[in-house]
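In: Let's see this in three dimensions:
(chains A and B)
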Amino acid sequence: EAGVAQSPRYKIIEKRQSVAFWCNPISGHATLYWYQQILGQGPKLLIQFQNNGVVDDSQLPKDRFSAERLKGVDSTLKIQPAKLEDSAVYLCASSLSGLGYTFGSGTRLTVV
Amino acid sequence: GEDVEQSLFLSVREGDSSVINCTYTDSSSTYLYWYKQEPGAGLQLLTYIFSNMDMKQDQRLTVLLNKKDKHLSLRIADTQTGDSAIYFCAVGASGAGSYQLTFGKGTKLSVIP
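Out: Below you'll find the model as predicted:
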(Lines give C-alpha, C1' and ligand atoms only; values in the text may rest on other atoms or scores of the structure.)
Protein backbone atom coordinates (compact mmCIF):
# COMPACT_ATOMS: atom_id res chain seq x y z
CA GLU A 1 0.00 0.00 0.00
CA ALA A 2 1.14 3.56 -0.61
CA GLY A 3 2.40 5.36 2.48
CA VAL A 4 1.41 8.66 4.01
CA ALA A 5 2.39 11.45 1.61
CA GLN A 6 3.44 14.87 2.85
CA SER A 7 4.53 18.01 1.06
CA PRO A 8 6.60 20.04 0.90
CA ARG A 9 9.64 18.22 2.35
CA TYR A 10 11.35 21.44 3.37
CA LYS A 11 10.20 25.01 3.88
CA ILE A 12 12.08 28.11 4.97
CA ILE A 13 10.10 31.23 5.80
CA GLU A 14 10.61 34.47 7.67
CA LYS A 15 8.89 35.04 10.99
CA ARG A 16 5.41 36.48 10.71
CA GLN A 17 4.89 34.83 7.32
CA SER A 18 2.32 32.11 6.80
CA VAL A 19 2.88 28.53 5.69
CA ALA A 20 0.77 25.48 4.87
CA PHE A 21 1.55 21.79 4.91
CA TRP A 22 -0.34 19.05 3.11
CA CYS A 23 -0.92 15.41 4.03
CA ASN A 24 -2.51 12.55 2.11
CA PRO A 25 -3.09 9.57 4.41
CA ILE A 26 -3.21 5.90 3.52
CA SER A 27 -6.39 5.12 1.64
CA GLY A 28 -9.14 4.04 4.00
CA HIS A 29 -7.48 5.28 7.17
CA ALA A 30 -10.13 7.18 9.08
CA THR A 31 -7.87 8.66 11.73
CA LEU A 32 -5.32 11.33 10.87
CA TYR A 33 -2.85 13.02 13.21
CA TRP A 34 -0.55 16.01 12.97
CA TYR A 35 2.51 15.94 15.22
CA GLN A 36 5.17 18.58 15.85
CA GLN A 37 8.71 17.31 16.45
CA ILE A 38 11.15 19.92 17.70
CA LEU A 39 14.83 19.02 17.30
CA GLY A 40 15.97 16.68 20.06
CA GLN A 41 12.45 15.90 21.27
CA GLY A 42 9.79 13.32 20.65
CA PRO A 43 6.75 14.07 18.51
CA LYS A 44 3.99 16.05 20.22
CA LEU A 45 0.39 15.70 19.10
CA LEU A 46 -1.14 18.86 17.68
CA ILE A 47 -4.48 17.63 16.36
CA GLN A 48 -6.35 14.40 15.71
CA PHE A 49 -9.11 13.91 13.12
CA GLN A 50 -11.59 11.07 12.84
CA ASN A 51 -12.85 11.23 9.25
CA ASN A 52 -13.45 14.97 8.78
CA GLY A 53 -14.18 15.76 12.42
CA VAL A 54 -11.74 17.01 15.05
CA VAL A 55 -11.34 14.56 17.95
CA ASP A 56 -8.66 16.38 19.92
CA ASP A 57 -7.04 19.76 19.30
CA SER A 58 -6.23 20.58 22.90
CA GLN A 59 -2.51 21.07 22.19
CA LEU A 60 -2.93 23.10 19.00
CA PRO A 61 -1.94 26.78 19.46
CA LYS A 62 -5.17 28.02 17.97
CA ASP A 63 -4.13 31.66 17.85
CA ARG A 64 -1.77 30.81 14.99
CA PHE A 65 -2.30 27.19 13.96
CA SER A 66 -5.26 25.81 12.06
CA ALA A 67 -5.98 22.49 10.41
CA GLU A 68 -8.70 21.01 8.32
CA ARG A 69 -9.58 17.71 6.77
CA LEU A 70 -12.23 18.33 4.19
CA LYS A 71 -14.03 15.25 2.85
CA GLY A 72 -12.24 13.10 5.42
CA VAL A 73 -9.19 12.41 3.25
CA ASP A 74 -6.42 14.98 2.71
CA SER A 75 -5.52 17.41 5.43
CA THR A 76 -3.76 20.77 5.60
CA LEU A 77 -2.04 22.37 8.57
CA LYS A 78 -1.49 26.12 8.48
CA ILE A 79 0.59 28.46 10.60
CA GLN A 80 -0.15 32.18 10.46
CA PRO A 81 1.88 34.08 11.52
CA ALA A 82 4.91 31.89 12.12
CA LYS A 83 7.28 32.39 15.05
CA LEU A 84 10.89 31.30 15.43
CA GLU A 85 9.86 28.59 17.92
CA ASP A 86 7.68 26.95 15.25
CA SER A 87 10.83 25.62 13.59
CA ALA A 88 10.32 21.85 13.70
CA VAL A 89 9.42 18.81 11.66
CA TYR A 90 5.68 18.47 11.15
CA LEU A 91 4.68 14.84 10.90
CA CYS A 92 1.41 13.51 9.62
CA ALA A 93 0.26 10.01 10.58
CA SER A 94 -2.77 7.92 9.82
CA SER A 95 -4.24 4.77 11.26
CA LEU A 96 -7.06 2.39 10.48
CA SER A 97 -8.08 1.38 13.95
CA GLY A 98 -6.04 3.68 16.15
CA LEU A 99 -3.30 1.11 16.64
CA GLY A 100 0.12 1.33 15.00
CA TYR A 101 0.22 4.65 13.23
CA THR A 102 1.93 5.02 9.86
CA PHE A 103 3.93 8.22 9.64
CA GLY A 104 4.83 10.31 6.63
CA SER A 105 8.38 11.59 6.09
CA GLY A 106 7.47 14.98 7.50
CA THR A 107 7.91 18.61 6.51
CA ARG A 108 10.94 20.36 7.98
CA LEU A 109 10.05 23.98 8.70
CA THR A 110 12.72 26.58 9.40
CA VAL A 111 11.57 30.01 10.53
CA VAL A 112 14.24 32.72 10.27
CA GLY B 1 -1.03 13.65 31.28
CA GLU B 2 1.17 10.76 30.28
CA ASP B 3 4.93 11.10 30.80
CA VAL B 4 7.38 8.87 28.91
CA GLU B 5 11.08 8.90 29.81
CA GLN B 6 14.04 7.47 27.93
CA SER B 7 17.79 7.80 28.21
CA LEU B 8 19.07 10.01 25.41
CA PHE B 9 22.13 8.14 24.14
CA LEU B 10 23.41 4.57 23.80
CA SER B 11 26.61 3.41 22.14
CA VAL B 12 27.36 -0.24 21.37
CA ARG B 13 29.83 -2.22 19.31
CA GLU B 14 28.69 -4.00 16.17
CA GLY B 15 27.61 -7.55 16.99
CA ASP B 16 26.75 -6.78 20.61
CA SER B 17 23.23 -6.54 22.00
CA SER B 18 21.60 -3.16 22.57
CA VAL B 19 19.06 -2.54 25.30
CA ILE B 20 16.99 0.64 25.20
CA ASN B 21 14.88 1.41 28.25
CA CYS B 22 11.70 3.42 28.75
CA THR B 23 9.52 4.28 31.74
CA TYR B 24 5.99 5.65 31.65
CA THR B 25 3.42 6.89 34.11
CA ASP B 26 -0.07 5.99 32.83
CA SER B 27 -1.11 2.55 34.07
CA SER B 28 -4.17 2.54 31.77
CA SER B 29 -1.96 2.25 28.69
CA THR B 30 -3.16 -0.44 26.31
CA TYR B 31 -0.43 -0.84 23.73
CA LEU B 32 3.20 0.19 23.94
CA TYR B 33 5.31 0.79 20.87
CA TRP B 34 8.85 1.15 19.63
CA TYR B 35 9.51 3.38 16.63
CA LYS B 36 12.75 3.93 14.72
CA GLN B 37 13.68 7.22 13.08
CA GLU B 38 16.59 7.51 10.67
CA PRO B 39 17.99 10.93 9.72
CA GLY B 40 15.58 12.94 7.60
CA ALA B 41 12.90 10.26 7.73
CA GLY B 42 9.59 9.77 9.44
CA LEU B 43 8.97 7.28 12.23
CA GLN B 44 8.91 3.61 11.35
CA LEU B 45 6.95 1.24 13.58
CA LEU B 46 9.31 -1.52 14.74
CA THR B 47 7.17 -3.50 17.12
CA TYR B 48 4.51 -3.19 19.77
CA ILE B 49 3.29 -5.10 22.80
CA PHE B 50 -0.11 -5.35 24.41
CA SER B 51 -0.21 -4.35 28.05
CA ASN B 52 -1.26 -7.82 29.23
CA MET B 53 1.90 -9.39 27.80
CA ASP B 54 5.32 -9.36 29.39
CA MET B 55 7.45 -10.32 26.43
CA LYS B 56 7.33 -10.29 22.66
CA GLN B 57 10.03 -11.50 20.29
CA ASP B 58 10.29 -10.59 16.62
CA GLN B 59 13.48 -11.79 14.91
CA ARG B 60 16.35 -9.72 16.42
CA LEU B 61 13.97 -7.63 18.53
CA THR B 62 12.78 -8.54 22.02
CA VAL B 63 10.37 -6.34 23.93
CA LEU B 64 10.06 -6.74 27.69
CA LEU B 65 7.26 -5.12 29.68
CA ASN B 66 7.20 -4.83 33.47
CA LYS B 67 3.75 -3.42 34.05
CA LYS B 68 4.18 -3.20 37.81
CA ASP B 69 7.23 -0.95 37.44
CA LYS B 70 5.89 0.69 34.23
CA HIS B 71 9.11 -0.18 32.47
CA LEU B 72 9.50 -1.13 28.82
CA SER B 73 12.68 -2.24 27.10
CA LEU B 74 13.78 -3.04 23.57
CA ARG B 75 16.64 -5.45 23.04
CA ILE B 76 18.31 -5.62 19.63
CA ALA B 77 20.42 -8.74 19.21
CA ASP B 78 23.54 -8.73 17.00
CA THR B 79 23.37 -4.96 16.52
CA GLN B 80 24.42 -3.78 13.05
CA THR B 81 25.57 -0.38 11.78
CA GLY B 82 22.25 -0.10 9.99
CA ASP B 83 20.56 -0.08 13.39
CA SER B 84 22.07 3.35 14.12
CA ALA B 85 19.06 5.64 14.53
CA ILE B 86 16.85 7.28 17.15
CA TYR B 87 14.46 4.91 18.90
CA PHE B 88 11.24 6.24 20.36
CA CYS B 89 9.14 4.59 23.00
CA ALA B 90 5.44 5.43 22.67
CA VAL B 91 2.54 4.66 24.95
CA GLY B 92 -1.02 4.38 23.69
CA ALA B 93 -4.08 5.14 25.73
CA SER B 94 -7.72 5.93 25.13
CA GLY B 95 -9.44 8.96 26.52
CA ALA B 96 -12.23 11.35 25.62
CA GLY B 97 -13.23 9.18 22.67
CA SER B 98 -9.81 9.13 21.07
CA TYR B 99 -6.79 6.87 21.04
CA GLN B 100 -3.45 8.66 21.14
CA LEU B 101 0.24 7.94 21.42
CA THR B 102 2.55 9.82 23.74
CA PHE B 103 6.22 9.67 22.78
CA GLY B 104 9.43 9.81 24.75
CA LYS B 105 12.26 12.07 23.63
CA GLY B 106 14.06 9.24 21.89
CA THR B 107 17.29 7.31 22.44
CA LYS B 108 20.03 7.86 19.89
CA LEU B 109 21.72 4.51 19.23
CA SER B 110 25.23 4.69 17.81
CA VAL B 111 26.78 1.45 16.56
CA ILE B 112 30.57 1.36 16.47
CA PRO B 113 32.00 -0.84 13.68
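In: Give me the neighbour count for residue 59.
Out: Since no chain was named, I'll use chain A. The local packing of residue A:59 (other Cβ atoms under 10 Å in any protein chain shown) involves 14 other residues. (Glycine included, C-beta is placed from N, CA and C.)
In: looking at chain B here, not the other one
Out: Count around residue B:59 with other Cβ under 10 Å applied: 8.
In: Can you list phi and psi of it for me?
Out: Main-chain torsions, residue B:59, degrees, to the nearest 10: phi 60, psi -120.
In: same question, the one 4 residues further on
Out: Reported as degrees, to the nearest 10, the phi and psi values for residue B:63 are phi -110, psi 130.
In: Tell me which residues of the helix or strand of chain B with the lowest mean pLDDT come out buried.
Out: Ranking every helix and strand in chain B by mean pLDDT, DSSP states H and E puts strand B:98-103 at the bottom, with a mean of 85. With burial defined by 16 or more other Cβ atoms under 10 Å in any protein chain shown, the residues of strand B:98-103 counted as buried are B:98-103.
In: do the same with stretch A:99-112
Out: A:99-109, A:111.
In: near chain B, from the residues you listed?
Out: Applying Cβ under 8 Å from any Cβ of the partner chain, the subset of the buried residues of stretch A:99-112 adjacent to chain B comprises A:99-106.
In: if I look at the spatially most central residue of chain A, how far off is residue A:76?
Out: When Cα atoms, centre = their mean is applied to chain A, the residue found nearest the centroid is residue A:34 (3.3 Å). Residue A:34 sits at a distance of 10 Å from residue A:76 (criterion: Cβ to Cβ, to the nearest Å).
In: which residues are common contacts for these two?
Out: Contact criterion Cβ atoms under 8 Å, 6 or more residues apart in numbering or on different chains; residues bridging residue A:34 and residue A:76 by contacting each: A:23, A:67.
In: and which of the ones next to chain B among the buried residues of stretch A:99-112 is nearest to residue A:84?
Out: Nearest to residue A:84 among these: residue A:106, at 19.1 Å, using Cβ to Cβ.
In: Next up, the contacts around the closest one.
Out: A:6, A:9, A:37, A:89-92, B:41-42.
In: now these as CSV including distance to residue B:49, neighbour count and pLDDT?
Out: As requested, these are arranged in CSV below (distance: Cβ to Cβ, whole Å; neighbours: other Cβ atoms under 10 Å in any protein chain shown; pLDDT from 0 to 100):
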residue, distance to residue B:49, neighbour count, pLDDT
A:6, 28, 24, 97
A:9, 32, 11, 95
A:37, 23, 22, 95
A:89, 27, 20, 96
A:90, 28, 23, 97
A:91, 23, 27, 96
A:92, 25, 27, 96
B:41, 23, 13, 84
B:42, 22, 23, 86
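In: want to throw the residues you listed into CSV with secondary structure and distance to residue B:5?
Out: Listed next are these as CSV, based on DSSP: H, G, I helix; E, B strand; the rest coil; distance: Cβ to Cβ, whole Å:
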residue, secondary structure, distance to residue B:5
A:6, strand, 29
A:9, coil, 31
A:37, strand, 17
A:89, strand, 21
A:90, strand, 24
A:91, strand, 21
A:92, strand, 26
B:41, coil, 24
B:42, coil, 23
